[in-house]
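>>> any chance you could fold what I've pasted below:
(one chain, ligands or ions: 1)
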Amino acid sequence: MEIGKEKIPTMTMKMEVKGNEQEGAEDVPPPIKRRLTMIIEVKDLVKKYDGHTALDGLNFNVEEGDIFGFLGPNGAGKTTTIRILTGIIRADSGQAMIGGHDVFRETMEVKKLINALPESNGYYEWMTACEYLWFFSKLYVVRTSRQEILMLLEGVGLNGRENHVIHSLSRGMKQRLGIARALINRPKLLFLDEPANGLDPGGRRDIHDLLTDLNRKHGTTIFLSTHLLDDVKRLCNKIAILNYGKIVRAGEVERLKGTVEDIFFMSTKEGAL
Ligand code: ATP
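Below is the predicted model of the structure:
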């Protein structure tokens, strides 16, 4: 899938610490080569709604290029986390950085790097698929030609549907259109809240293929919040499990001992904290 021709500038924090290579610099420690490519850094995030604690000192990082599965039972705080990271609501305390930018203070810089498909995405049902993407390209102030919109539609498997009115599209097609909308500003980081919810197995597989493609071909980091553990196993290289507003398990899927199901149920059962 070719989303656009422009290369998105790398704005994530990259740090290279090189040792002093000058001769005679004996007091200087040996060269250290360190590269940090964290695209999300969350530290001690707290969010309360009318005294009810939704996030209780949340800490996690996401590395650039990850497909990161964000799991947790109902009410664990997943949507709250996404809403904070995408700048919809503010945390009460703590720090959240995206691409090295503070999400509370450098909102505009962060918005250039991200986009999101929320759990209940609203569509302007009377628009055609093409008009819908054109409208969002204007909202995002992104220069997009008709050709690029057609390529975007093709990339999500909606070729030939550009002139179809949205209310005539199936649920799966709407979901793909939602993903195309979320790609309009060519984000480096894409937040998806239950993207395969309510889709049939074919629709789910299409979404999997689309996300895998996006990650492999364009290096898009994907932050995937879902209850569907099968999706996590198929797609994610890393996971974090949230319960009562805190991370209870996190790591690379391949290195975690046990199945994703076992880990999920063990770490979220009553009294596991
Ligand atoms: P689900 O999987 O059911 O979507 P979630 O993990 O996304 O849940 P959140 O929606 O973030 O969880 O909710 C975390 C907690 O905060 C819950 O106890 C919820 O009732 C509460 N909460 C979320 N939004 C609000 C709000 N706007 N006002 C009051 N309480 C809220």
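>>> use CA for all of it now, contacts and neighbours both
Noted.
>>> quick check: bridge partners of Leu242?
Assessed by DSSP bridges, Leu242 has beta-bridge partners Ile247.
>>> ok, the nearest residue to Leu85 once chain neighbours are set aside to Thr53 distance?
Nearest residue to Leu85 in three dimensions, chain neighbours excluded: Val103, at 6.4 Å (C-alpha to C-alpha, 6 or more residues apart in numbering). As judged by C-alpha to C-alpha, to the nearest Å, Val103 and Thr53 stand 21 Å apart.
>>> neighbour count winner among the two?
A direct count of neighbours by other C-alpha atoms under 10 Å for Val103 and Thr53 places Val103 higher, at 22 against 14.
>>> quick one: that one from Lys43, how far?
Taking C-alpha to C-alpha, one finds Val103 at 12 Å from Lys43.
>>> same thing with Gly157?
The gap separating Gly157 from Lys43 is 38 Å, by C-alpha to C-alpha.
>>> same thing with Asp230?
Separation of Asp230 from Lys43 (C-alpha to C-alpha): 29 Å.
>>> need the strands for the stretch 51-200 of the chain, in chain order.
Assigned by DSSP state E, counting those that start in this stretch, the stretch 51-200 of the chain shows strands spanning 52-63, 67-71, 93-98, 101-102, 114-117, 189-193.
>>> quick check: residues of the protein near the ligand?
Within the chain, the positions lying close to the ligand (C-alpha under 6 Å from any ligand atom) are Tyr49, Ala54, Gly72, Pro73, Asn74, Gly75, Ala76, Gly77, Lys78, Thr79, Thr80.
>>> now do the second one against Asn159, distance only.
This points to Ala54. Distance of Ala54 to Asn159, computed by C-alpha to C-alpha: 41 Å.
>>> centre of the chain to stretch 241-256, how far?
Relative to its chain's centre, stretch 241-256 lies at 16 Å (C-alpha atoms, centre = their mean, to the nearest Å).
>>> quick one on the thing from earlier: retrieve the pLDDT associated with the residue nearest to Leu85.
pLDDT for Val103: 95.
>>> and if you look at Met11?
33.
>>> now Lys233
87.
>>> tell me who's in contact with it.
Val253, Val260 (C-alpha atoms under 8 Å, 6 or more residues apart in numbering).
>>> name the SS class of it, please.
What DSSP: H, G, I helix; E, B strand; the rest coil gives for Lys233 is helix.
>>> can you tell me how far it is from Ser145?
Using C-alpha to C-alpha, Lys233 is found at 37 Å from Ser145.
>>> with Thr220 instead?
Thr220 is 22 Å from Ser145, by C-alpha to C-alpha.
>>> out of those two, which sits in the more crowded spot?
When Thr220 and Ser145 are compared for neighbours, Thr220 comes out ahead with 23 against 12, by other C-alpha under 10 Å.
>>> just give the closest residue to that one, not the sequence neighbours.
Using C-alpha to C-alpha, 6+ apart, the nearest residue to Thr220 is Lys188, at 5.0 Å.
>>> burial count for the one you found?
Neighbours of Lys188 using other C-alpha under 10 Å come to 25.
>>> and it, what is it in contact with?
Counting by C-alpha under 8 Å, 6+ apart, Lys188 makes contact with Ile8, Leu113, Ile114, Gly219, Thr220, Thr221.
>>> pipe those into JSON lines and attach pLDDT and distance to Asp209 per row.
JSON lines is the format used below for the contacts of Lys188 (pLDDT from 0 to 100; distance: C-alpha to C-alpha, whole Å):
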{"residue": "Ile8", "pLDDT": "35", "distance to Asp209": "22"}
{"residue": "Leu113", "pLDDT": "94", "distance to Asp209": "23"}
{"residue": "Ile114", "pLDDT": "95", "distance to Asp209": "21"}
{"residue": "Gly219", "pLDDT": "91", "distance to Asp209": "14"}
{"residue": "Thr220", "pLDDT": "93", "distance to Asp209": "14"}
{"residue": "Thr221", "pLDDT": "96", "distance to Asp209": "15"}
